[in-house]
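**Q** Dropping a prediction and its sequence here:
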Amino acid sequence: MIPRVSIITPIYNEESNIIKCYEQVINQTYNNIEWVVINDGSTDNSFKLLNDLKLLHVNPFVTIKIINQGNAGAAQARKNGIEQATGIFCCILDCDDQLSSDAITLAINEIDKDSDIDIVCFNVDYITNNITLSKFDYKFDHWPISGRDAFKSTIDGWGVSGWFFFKKEIMIKATNDYQLKIGNNINDDEILSRLCLYNSNKISICSGVYGYVNNLCSTTKKTNKYYYKVINTAVYLNDFVINNCIEMKFESITNLVSNLWGVFLRSVRWEKELDNIEDWDTLLKNTISKISKINCISMKHKKASFENIIKILIIKIYLKFR
């Protein structure tokens, strides 16, 4: 039998997108797929719609597994789905995104060429109002690449996309190493993607397309009182780099300062709407204190060092008088 592939889809109040996502799965040219859908405590009709869909489903090449859990966030839903998936290989497909019909077949073809390949990246389209406005720009021209090189390219920015096809064991190791802390962060998937890259032997790319749909009504574009927690994942990444990839220390510090700056700007813009601004300020101050204990000056990157220092000073001064 050809290897089973599990497509993991976390769902929270996605009743308007479930049918479209289902069609993305059943239209795959690959013939042994398990669609694992995790209902993350939806309050709309998503769970009922999923069960109705499963009853009507007749495609012999696709099985459907529905997991129902209390609301715990997308990262925990993905973790739950991957742990219960039966496929040797997996990919994440968010409910409002797209996957070309040949994506799984093309990814498997790359792994068939070399058993040391643990991850296959997709080409990524950024879609708004059904129009592809841009594509992900990979930093590598020659493939496959090593997992460590891929990881290093994501420390300050993303040189390799986080939308990829992977061996299940790679993600299991990443989630076990990271040990998700519910409520601590809001973008754990960025850390898990990086850890998957780091733990991989080789990484390749295929011409299958993952379409990231820019949802203009997404709640992530509105005021988010917990957005400040993205700092925690940047701190985790920085600690990981210092312990495992010290040559990228400055790039990691720059990424950490960039996250601080983004959180700070949002705190200024949303200040009147936030009822927990003290939590934002506390984490900003504690992280700045942590950075000040690390040598973050690089003679090789003088301009970036200067910019980091200026950003930190502006944040410290503003917080002093807030």
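**A** Looks like it came in fine. Residues are numbered from 1 along each chain as shown.

**Q** buried residues in stretch 314-322?
**A** Buried residues in stretch 314-322, counted by 16 or more other CB atoms under 10 Å: 315, 319. Bear in mind the C-beta positions are built from the backbone N, C-alpha and C, glycine included.

**Q** Need the residues that contact that stretch.
**A** Contacts to stretch 314-322, defined as CB atoms under 8 Å, 6 or more residues apart in numbering, come from residues 260, 261, 264, 268, 271, 277, 281, 284, 285, 288.

**Q** For those residues, give me a markdown table that also has neighbour count.
**A** Formatted as a markdown table, the contacts of stretch 314-322 follow (neighbours: other CB atoms under 10 Å):
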| residue | neighbour count |
| --- | --- |
| 260 | 24 |
| 261 | 17 |
| 264 | 22 |
| 268 | 11 |
| 271 | 11 |
| 277 | 16 |
| 281 | 17 |
| 284 | 22 |
| 285 | 14 |
| 288 | 19 |
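
**Q** which two from the residues you listed end up farthest apart in space?
**A** 271 and 288 (18.2 Å; CB to CB).

**Q** Quick check: buried residues in stretch 228-243?
**A** For stretch 228-243, by 16+ other CB under 10 Å, it's 228-238, 240-241.

**Q** Let me know the closest of those to residue 186.
**A** Nearest member of the buried residues of stretch 228-243 to residue 186, counting by CB to CB, is residue 229, at 5.0 Å.

**Q** can you tell me how far that closest one sits from residue 96?
**A** From residue 229 across to residue 96, the span is 23 Å (CB to CB, to the nearest Å).

**Q** ok, now residue 110?
**A** With the distance defined as CB to CB, residue 110 ends up 26 Å from residue 96.

**Q** So for the two, which sits in the more crowded spot?
**A** Counted by other CB atoms under 10 Å, residue 110 and residue 96 do not tie: residue 110 has more neighbours, with 22 against 19.

**Q** which residues does that one contact?
**A** Contact analysis of residue 110 by CB under 8 Å, 6+ apart lists 117, 120, 204, 205, 206.

**Q** For stretch 76-92, the averaged confidence score.
**A** Across stretch 76-92, pLDDT averages out at 94.

**Q** hmm, back to that, select only the buried ones of the contacts of residue 110 in PyMOL?
**A** Only the buried entries of the contacts of residue 110 go into this PyMOL selection, using 16+ other CB under 10 Å:
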select buried, resi 117+120+204+205+206
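
**Q** need the contacts of residue 110 in TSV with secondary structure, pLDDT and distance to residue 75, can you?
**A** Listed next are the contacts of residue 110 as TSV, based on DSSP: H, G, I helix; E, B strand; the rest coil; pLDDT from 0 to 100; distance: CB to CB, whole Å:
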residue	secondary structure	pLDDT	distance to residue 75
117	strand	97	25
120	strand	98	22
204	strand	98	26
205	strand	98	25
206	strand	98	25
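
**Q** Between the contacts of residue 110, which sits nearest residue 175?
**A** Using CB to CB, residue 120 is the member of the contacts of residue 110 that lies nearest residue 175, at 19.6 Å.

**Q** So in terms of bridging, what pairs with the closest one?
**A** Judged by DSSP bridges, the bridge partners of residue 120 are residue 165, residue 204.

**Q** helices or strands next to the top helix by length along the chain in the packing?
**A** Ranked by residue count and defined by DSSP state H, the top helix of the chain is helix 249-270. Secondary-structure packing of helix 249-270 (3 or more CB pairs under 8 Å, 6 or more residues apart in numbering; DSSP states H and E): helix 230-244, helix 277-292, helix 302-321.
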